[in-house]
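Enquirer: need a structure here:
(2 chains)
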Amino acid sequence: MTATNSDHGGFTMPRPGSPAEPVRARDSSTPGRVDESPPPDTAPLEADATVDLASLGAELGISRTLDELDVQLVGLEAVKQRLREIGALLLVDRLRDRFGLHAPRPNLHMCFAGPPGTGKTTVATKMAEILHSLGYLPSDHLVTVGREDLVGQYVGHTGPKTKEVVKRAMGGVLFIDEAYALHRPDNERDYGQEAIEILLQAMEEHRDRLVVILAGYRDRMDGFFALNPGLRSRIAHHLDFPEFAVDELVEIGHRMLAEQSYELEPAAEAVFSDYVARRRAQPHFANARSIRNAIDRSRLRQAARLVEGGGMVDRDSLRIITSADLLASRVFDEPTRPDDAPSPLPN
Amino acid sequence: MITQGTFAQLPELDDSEIESQLRYAVGQGWAISIELTDDPHPRNLFWDLWGLPMFDLVDPAAALGEVRACREAFPRQYIKVNAFDARKGRETIALSFLVQRPPGDEPGFQLERQHGPGRTNRYTLKAYSSQQPHGDRYQ
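Expert: Got it, this is the predicted structure:
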């Protein structure tokens, strides 16, 4: 505000009862979705003070979020390890800050590389929660976008479009799926490059309010970074999401079933493992997503079986998925391939 | 000093207070837009838009950044922030306040009287500053 006082000339109205010095309205805390009130533990500490890290972590909810992650996500050990490290760094930085030690803000832009269905979006959601609970981000929301949300169709369209997405994501995490689609090396007049430049600028300018996560297949991400070195250097964390092994996929399937209040009959357990192994060897296998689809299809078959069978049903028969429901799958018609290698990537 | 909008009777808001108001507006799900003009007449409805209205914001910092950018580009204009409530049944500006006024003197208004039939008087407000052409006011 340029002229804050009424003491210059010109047309000014004296306000009845107003004091000579403008009194600032009390810093009333207005309600809002973004909670910015600092947690109670930000008071500076004496040089000889000691703090219990574990209890501080528990107080901030960071340990709870990380434990949830451990329980909810199968496998992905390297990813969990990196999340734990980031959580620890932010916790330590907070403490350093209270001791008066200089704690520069770490750069937390990330790249999630891995085949489809390996939990990249799920981990990004968790990441937003963790960063919010540690006070790194003012909000825990995640904005998921693709090329069509960032890149416009004609000259001058891309800039406002990308900036609007950045503004929407501000305060939280911006998750860019298939980020390499932004760059089309075969078309040098493609507007994707403009979107990348605006993103780069936002990643620098709004480092304190925005975390950008790029996601996609490993090899194509590598090619994308090779052509955009500026982007690579601004991303500190490159996380690999490996293909799930058969036993992990079986475990994921069991959890999905339990979530939807279904259960495999004991005889169907072995059939399900066999199904997963066969399906995994097929092309276009999308890990957890394929398992979810397989479960959805077996639910269809179960429902059809119950309706066609007629007669009385009870609670258990509505819950149980039998081996017949699984064996009806097309996957069992094809001979198993000799090698159990993961499928080649689609495209 | 010309005041208008929701906080016309309050001392001017500083940036942290503006941010608090923006946080409230964003928390209500209102769309934020920024407008500017150099015609101070209170009935002037034709303010220029700065950029596009911002929908679906979560963090008020995004809107505050636009306010700052607008101030930098137009240091000699009135700038206001509007918050539009798009809910069915309301669909109106829910909050509107000035976030910048031109530096230095605001010369104010001339009151013009027009004598009508009988003993009626009609009154007109005319801003001294608007006697200059658009763009030359508040130099």
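
Enquirer: For the residue nearest the centre of chain B, give me phi and psi.
Expert: What sits nearest the mean C-alpha location of chain B, by C-alpha atoms, centre = their mean, is residue B:80, with 3.3 Å. Dihedral angles of residue B:80 (phi, psi; degrees, to the nearest 10) stand at phi -130, psi 160.

Enquirer: wait, what's in contact with it?
Expert: Residues near residue B:80 by C-beta atoms under 8 Å, 6 or more residues apart in numbering or on different chains: B:4, B:5, B:34, B:35, B:36, B:47, B:96, B:97, B:98, B:99. Bear in mind the C-beta positions are built from the backbone N, C-alpha and C, glycine included.

Enquirer: Got the phi and psi for the spatially closest residue to it that is not a sequence neighbour?
Expert: Leaving out its chain neighbours, the residue that sits closest to residue B:80 by C-beta to C-beta, 6 or more residues apart in numbering or on different chains is residue B:98, at 5.0 Å. Main-chain torsions, residue B:98, degrees, to the nearest 10: phi -80, psi 140.

Enquirer: quick one: pLDDT of residue B:98?
Expert: Residue B:98 is assigned 94 on the pLDDT scale.

Enquirer: next one: residue A:228
Expert: On the pLDDT scale, residue A:228 is placed at 85.

Enquirer: for the one 10 residues further on, same thing?
Expert: Residue A:238 is assigned a pLDDT of 90 by the prediction.

Enquirer: My impression was that it belongs to a helix - is that right?
Expert: No. Under DSSP: H, G, I helix; E, B strand; the rest coil, residue A:238 falls outside any helix and is assigned strand.

Enquirer: Report the beta-bridge partner residues of it.
Expert: In this structure, residue A:238 bridges to residue A:111 when assessed by DSSP bridges.

Enquirer: so how many other residues sit close to it?
Expert: 16 (other C-beta atoms under 10 Å in any protein chain shown).

Enquirer: so what's it up against?
Expert: A:110, A:111, A:113 are the contacts of residue A:238 under C-beta under 8 Å, 6+ apart.

Enquirer: Present the residues you listed as a markdown table; the columns should include neighbour count and pLDDT.
Expert: Below are these laid out as a markdown table (neighbours: other C-beta atoms under 10 Å in any protein chain shown; pLDDT from 0 to 100):
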| residue | neighbour count | pLDDT |
| --- | --- | --- |
| A:110 | 23 | 92 |
| A:111 | 24 | 93 |
| A:113 | 23 | 93 |
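
Enquirer: Now render the residues you listed as a markdown table, adding distance to residue B:41.
Expert: As requested, the contacts of residue A:238 are arranged in a markdown table below (distance: C-beta to C-beta, whole Å):
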| residue | distance to residue B:41 |
| --- | --- |
| A:110 | 52 |
| A:111 | 54 |
| A:113 | 58 |
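
Enquirer: so what's the backbone phi/psi at the residue located most distally from the centre of chain B?
Expert: Distance to the chain centre peaks in chain B at residue B:118, reaching 38.2 Å (criterion: C-alpha atoms, centre = their mean). Backbone torsions of residue B:118, given as degrees, to the nearest 10, read phi 70, psi -140.

Enquirer: need the next SSE after the helix or strand where residue B:24 lies, C-terminal direction.
Expert: Using DSSP states H and E, residue B:24 falls within helix B:15-27. Later in the chain than helix B:15-27, the nearest helix or strand by DSSP H and E is strand B:31-37.

Enquirer: Just after that next one, pick out the following helix or strand.
Expert: Following strand B:31-37 in sequence order, the next helix or strand is strand B:48-54 (DSSP H and E).

Enquirer: Please put the alpha-carbon coordinates of that next one into CSV.
Expert: Once non-C-alpha atoms are left out, strand B:48-54 reads as follows in CSV (Å, rounded to 0.1, in the frame of the first residue of the first chain):
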residue,chain,number,x,y,z
ASP,B,48,-10.0,-3.5,-15.8
LEU,B,49,-9.3,-7.2,-15.0
TRP,B,50,-5.8,-8.2,-14.0
GLY,B,51,-5.3,-11.6,-15.5
LEU,B,52,-8.1,-14.1,-15.2
PRO,B,53,-10.2,-14.8,-12.1
MET,B,54,-8.6,-17.5,-10.0
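
Enquirer: Pick the one among the contacts of residue A:238 closest to residue A:103.
Expert: Residue A:103 lies nearest to residue A:110 out of the contacts of residue A:238, by C-beta to C-beta, at 20.0 Å.

Enquirer: close enough to count as contact, that closest one and residue A:214?
Expert: Yes. The pair formed by residue A:110 and residue A:214 meets the contact definition of C-beta atoms under 8 Å, at 7.4 Å.

Enquirer: Touching, residue A:291 and residue A:248? I think so.
Expert: No. Judged on C-beta under 8 Å, residue A:291 makes no contact with residue A:248 at a distance of 10.0 Å.

Enquirer: the more surrounded of these two?
Expert: Neighbour totals were compared for residue A:291 and residue A:248, and residue A:291 leads with 27 against 18 (other C-beta under 10 Å).

Enquirer: all strands of the stretch 201-347 of chain A, in order?
Expert: Counting by DSSP state E, counting those that start in this stretch, the stretch 201-347 of chain A has strands at residues A:211-216, A:237-240, A:263-264, A:320-321.

Enquirer: For residue B:136, find the nearest of those strands.
Expert: Nearest to residue B:136, of all the strands of the stretch 201-347 of chain A, is strand A:211-216, at 43.6 Å by C-beta to C-beta.

Enquirer: buried ones in that closest one?
Expert: A:211, A:212, A:213, A:214, A:215, A:216 (16 or more other C-beta atoms under 10 Å in any protein chain shown).

Enquirer: joint contacts of residue A:110 and residue A:214?
Expert: By C-beta under 8 Å, 6+ apart, residue A:110 and residue A:214 have these common neighbours: residue A:235.

Enquirer: circling back: relative to chain A, how far out is the residue farthest from the centre of chain B?
Expert: 31 Å (C-beta to the nearest C-beta, to the nearest Å).

Enquirer: so what's that residue scoring on pLDDT?
Expert: Here the pLDDT value assigned to residue B:118 is 91.

Enquirer: ok so, going back, what residues sit buried inside the helix holding residue B:24?
Expert: Buried, per 16+ other C-beta under 10 Å, within helix B:15-27: B:17, B:18, B:19, B:20, B:21, B:22, B:23, B:24, B:25, B:26, B:27.

Enquirer: Sketch out the low-pLDDT regions of chain B for me.
Expert: Scanning chain B for pLDDT under 70 picks out no residues.

Enquirer: Look up phi and psi at residue A:314.
Expert: Dihedral pair for residue A:314: phi -120, psi -180, per degrees, to the nearest 10.

Enquirer: Check what pLDDT the residue of the stretch 201-347 of chain A at minimum distance from chain B gets.
Expert: Nearest residue of the stretch 201-347 of chain A to chain B, counting by C-beta to the nearest C-beta: residue A:209, 5.3 Å away. We have a pLDDT of 88 for residue A:209.
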